[in-house]
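[1] Mind looking at a prediction? Sequence and model below.
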Amino acid sequence: MSHRAIVIRWGLAGLAVATAAVAAQAQPTAPAATPVKLGIVSFLTGPAASPFGIPGRNGAEIVIEALNAGKAPAPFNTVGFAGSKVEAKYVDEAGSAANVVTEFRNLVQRDQVDAVIGYVSSGSCLAVTPVAEELKALTVFYDCGTPRIFEEKARNYVFRVSPHATMDNVAAARYLLAKKKNVTSYSGINQNYAWGQDSWRDFVGAMKVLAPKVTVDKVLFPKLFAGEYGAEVSTLLTSKSQALHTSFYDGDLEGFIYQEQARGLDKRMTIIMTAGEAAIWRLRDKLPDGTIIGARGANGPLARDTEINKWFQKVYTDRYNVPPTYTAYQMAQSLLGLKLAYEKAAKAGGKPNADAIAAAFKGIEYEGPAGQVKMVLGDGHQGITETAYGTYRFNKQKKEPEIVDIVRYPAECVNPPAGIDADKWIAEGMKGAKCN
Amino acid sequence: MGGRGQLAGGLMFLFAAAAAPLLPDWVVSLVTIAFANALVVLGLVVLWRAGLVSFGQALYYCIGAYAVSLTARWTGFTDAFALVLIGGVAAGLMAVLIGFLLARYREIFFAMLSLALSMILYGVLVKSESLGSTDGFSVATPTFLGYAPHRDALGLALYWLTLGVDAIGAVLVGVYFRSVAGALAAPIRDNEIRVEFLGVSVTSIIHIKVVVAGILGGLGGALAALAIGHVDPNMAYWTTSGGFVFVTILAGAGSVAAAFVGSLVFEAVRSFAFDVMPQLWQMTLGSVLLLTILFLPDGLGSLVARLKRRREAKS
Amino acid sequence: MLTASAILTDGLVYAAYLFIVAIGLTLIFGVMKILNVAHGSFYAFGAYGAATAVGIYTNADWPAAIGFLLMLAMGMAIGLVLGIILERGILRLVYGKDEVIIVLVTYATFLILEDVIVLIWGPQSYAAYQPMVSAGNIEIGELVLSNYDIVLVAIAALLAGLAYWALKFTRYGRLLTTVIFDRETAAAFGVNVTLVYTVTFVIGAMLGALGGAVMAPKIAVTLGIGVEVIVLAFAVVAIGGMGSIEGALVGALIVGICRAAAVHLVPQIELFVIYGVMALVLVVRPYGLFVRAQPRKI
């Protein structure tokens, strides 16, 4: 958006407040071939910016550019969304729930975006959901992991292409048990906030179902962004368990890895990182070989070697000089899904409205860089995909991180079937999981 | 504030109420949140007049908000008027308890202890997985004495509710400022021992101020919870408190009205910075605060006073 | 027994971290009566500076010891520059205003500096682990200790000793003590209070940046690390008594040991152990452990 437009808009807003003039009506009405406006929200500042927010934003930027140029591979090779160029507005997710909701309203009501894609924090997603429903604003969450969004209530205008976090921990348990047959006890270190607590609960639940005899030893919940993990590492050093589960990510993950490596913890137990992939390009040879790595889906090096994945890897790496990590994948998947839904709705002629796009979005299936998405949960609003886990190795010849020994888990193996809450599904023994 | 000031304030409130249906929706919701926060700021003004600053006012804000959402969640009771009242009362009760401890402290120690208390609440909430931990949970859509509006109408109803609570709060605080206990604020700030020599218990006066500020904080939190539709432990985090103190300085402690104007200006500046410079909004806010302190040491409120003085000098 | 010794060593390491972070804050408060929120920025700038220095020396393939010294020097240099700019450029303008107003000035500065970091270093995070990894570790019985942590404890002890010596036995230290005791009387006796302020603030800034620099190898240097540190340092200083160096030391030890004990014995309460200790101490000793009661002015 140009500076002038901003000045004008805020001028108008000021005028509106001051004189109670009907300034909002002064906004020009949309002619037929107007661009499709998207609001893209992710962390641009703060600790979550570097690991999640910025790769997500970059993923959006590069995909939108390619779409507008009509250069994405088929079936995404039409220009923009159904021939209309896509215009993105990037907004910071930082701040309180009040800020996040206010900025969401601003995008929808002030900027009149056609859809919002975004949100890393589950708190943001939960806060935005009721507002999106109330405003009938089409919203696609790209990274947040809480299953609560579609389990609490049926939603009409909110979608999430990326699978929820349950699958990460169920697959982690399956991989651990398949690869480390001698595990008799395990410990966990997770951040003391919703993400860490949920991850640990799901992992323990899945382990109980899959290997009831394996016991839990140390359970640690350091404060978010604690920075110093001396006492935690000592506690784990005194533990006899053979595996350590962690849902740590970037900043905390790196700090923890440096500190535990200095004291050789990884020589005593295998570390399972459910979100470790986001850090491999930065940790490189500092990440211990043999660490079990997840990427919140078949993203990054865990993605299948398909045409569209190769394309995405290439355009992203060429532009940003670092391979895309999983938030970039999730953003790309979300954008492409929205594009398909939009185009399906646009077939009826004219610019589709939120209701039409939402109706078209429900239950679609398509293939993106991270594989096949099936929108089957939450009445067609929540996607599931296959996932994969692998073992980390730093390739000293190529001087590049590698993930080897990759095991893929079909979507139906690690996700609850439609209609059952994730917690309940795990607690009741993960019935109906199809793993072959 | 004299009689004329009250009249002007009243007219402004009526005007703000009447203008709402003509404003774009996003402005209405922005102003609603700004005016809900203004109540917390008003509480800080009450304290600041006695030279006290709380870096933990988010404690009451958060309690008010959680009281509203938990009541609605557990009992299914959604009447906005009652919920807001419950939020205020819950925070007020907490303030009565905390006041016994806090009223003995002054200056930076008062600020630090209130900060510690709000951080403890934050920790407890983060720890409580049954309350949604850091994710928090949503607040039920409120009803108004049986009337259940949606979308635009809901936004307006909440706006008017906020405005109404603000008006009552403003009038009562105005009355309090003119009462003996309120008038003793400045002397306490200057030299509390002299006030004690008057035979007045400074501790109990400060205790009352803590409670007043707590109730206002709770009401603000309750309204904000309804307006946002979501509560989370971040509402108790120290940066939230920092934001409120920020607005207090921006507004100045000069008048009741300044709290509302300051809160509105802050929300507008923040939203504007988010819009125009998504990666540099902190710098924008920091600069505004710094420039205010340097060039408008008594806050935005002092602008009005300055104009008045100039007009008086002319005539 | 194992747990007890682990609690002690972990507590000591954590206390060292807290003390290094808090000493600059308490010094500035003791002399200038300024609760410096921008201390978090000093910490962050120090850490970023150290990360830059580590980047330089790993590319140049110098020995680790030189890298470590370069890291400290870079952190302190950044603290020096930042301290001078802030004190001369901003704080000078608001001396004499209400304490709380000055807190807000430092808060505003902190907000601005957060984004200055983005402008200088960008939003990505940096790694500076080399000094810690090359330091290696030693095994004492079951426990494995990082040598870098031992260095950290040594640095904290050195700082504490240095501060004690400087305050008690140097000319500047005695001047400082008089200013801490009574600013006006000191000024009346010809102490150049303005200069003392500048020097103190700059030293405080350098200590804050040093804290960031020595911690940089242990953490990921990323946006927002300053915010976490501020409240932690506040808590330590409030427990020990605002402005008291020995208070900061004792406060850091108390918090460090309590936190380590919590992690080993009852990990559930780790999250609020620091604030719990702080509230408890303030209830019993409203002005912290090491502050004498202020005379009330009538």
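    Noted; the coordinates are in hand.
[2] contacts, neighbours, all on C-alpha from now
    Noted.
[3] domains in chain A, as residue ranges please.
    Structural domains of chain A, as assigned by automatic domain parsing, span the residue ranges A:31-161+A:304-384, A:166-295+A:386-427.
[4] Now do the first one: distance to the chain's middle.
    Between the mean C-alpha point of domain A:31-161+A:304-384 and the mean C-alpha point of its chain there is a distance of 11 Å (Cα atoms, centre = their mean, to the nearest Å).
[5] where along the stretch 201-350 of chain A do the helices fall?
    Counting by DSSP state H, counting those that start in this stretch, the segments of the stretch 201-350 of chain A that form helices are A:230-237, A:250-262, A:280-283, A:307-320, A:326-346.
[6] Just put those in a markdown table and tack on distance to chain B and mean pLDDT.
    Rendered in a markdown table, the data for those read as follows (distance: least, Cα to the nearest Cα, whole Å; pLDDT from 0 to 100):
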| stretch | distance to chain B | mean pLDDT |
| --- | --- | --- |
| helix A:230-237 | 18 | 89 |
| helix A:250-262 | 17 | 87 |
| helix A:280-283 | 23 | 85 |
| helix A:307-320 | 19 | 94 |
| helix A:326-346 | 19 | 93 |
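[7] A:Ser50: what's it in contact with?
    Contact analysis of A:Ser50 by Cα atoms under 8 Å, 6 or more residues apart in numbering or on different chains lists A:44, C:123-125, C:222-223.
[8] By neighbours, which of those wins?
    Neighbour counts for the contacts of A:Ser50 were taken using other Cα atoms under 10 Å in any protein chain shown; the highest belongs to C:Thr222, with 29 neighbours.
[9] So it versus B:Phe266, what's the distance?
    C:Thr222 sits 28 Å away from B:Phe266, going by Cα to Cα, to the nearest Å.
[10] same deal with A:Leu336?
    In this view, A:Leu336 and B:Phe266 are 38 Å apart by Cα to Cα.
[11] if we can go back for a sec, next, format the helices of the stretch 201-350 of chain A as CSV and append distance to A:Ile54.
    As requested, the helices of the stretch 201-350 of chain A are exported to CSV (distance: least, Cα to Cα, whole Å):
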stretch, distance to A:Ile54
helix A:230-237, 30
helix A:250-262, 12
helix A:280-283, 14
helix A:307-320, 11
helix A:326-346, 8
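[12] Could you say which one of those comes nearest to chain C?
    Across the helices of the stretch 201-350 of chain A, chain C has its closest neighbour in helix A:250-262 (3.9 Å, Cα to the nearest Cα).
[13] give the contact list for the residue nearest the centre of chain B.
    When chain B is reduced to its mean C-alpha position, the closest residue under Cα atoms, centre = their mean turns out to be B:Val40, at 1.3 Å. When contacts are counted by Cα under 8 Å, 6+ apart, B:Val40 is found next to B:57, B:61, B:213, B:216-221, B:244.
[14] again, only this time at 10 Å
    Counting by Cα atoms under 10 Å, 6 or more residues apart in numbering or on different chains, B:Val40 touches B:46, B:57-58, B:60-61, B:213-221, B:241, B:244-245, B:247-248, B:259, B:263.
[15] From B:Gly286, how far out is it?
    From B:Val40 across to B:Gly286, the span is 20 Å (Cα to Cα).
[16] Helix, strand or coil: sort out the residue nearest to A:Ser96 when sequence neighbours are not counted for me.
    The shortest distance from A:Ser96 to any residue that is not its chain neighbour, by Cα to Cα, 6 or more residues apart in numbering or on different chains, is 6.3 Å, and that residue is B:Asn234. For B:Asn234, the secondary-structure state derived from DSSP: H, G, I helix; E, B strand; the rest coil is helix.
[17] What's the separation between C:Gly55 and C:Ser125?
    Separation of C:Gly55 from C:Ser125 (Cα to Cα) stands at 13 Å.
[18] Please disregard the earlier target; I meant B:Pro233.
    To C:Ser125, B:Pro233 is 26 Å away according to Cα to Cα.
[19] about what we covered before: could you pick out which of the contacts of A:Ser50 are near chain B?
    Near chain B, taking Cα under 10 Å from any Cα of the partner chain as the test, the members of the contacts of A:Ser50 found are A:44, C:123.
[20] Of the contacts of A:Ser50, which is the nearest to C:Gly256?
    Of all the contacts of A:Ser50, C:Gly256 sits closest to C:Thr222, with 23.7 Å by Cα to Cα.
[21] all strands of the stretch 1-150 of chain B, in order?
    B:137-138 (DSSP state E, counting those that start in this stretch).
[22] same deal with chain C?
    Taking DSSP state E, the strands of chain C run over residues C:137-140, C:143-146.
[23] now, of the ones you listed, which is deepest in the fold?
    Neighbour counts averaged per stretch over the strands of chain C are highest for strand C:143-146, at a mean of 21; criterion: mean count of other Cα atoms under 10 Å in any protein chain shown.
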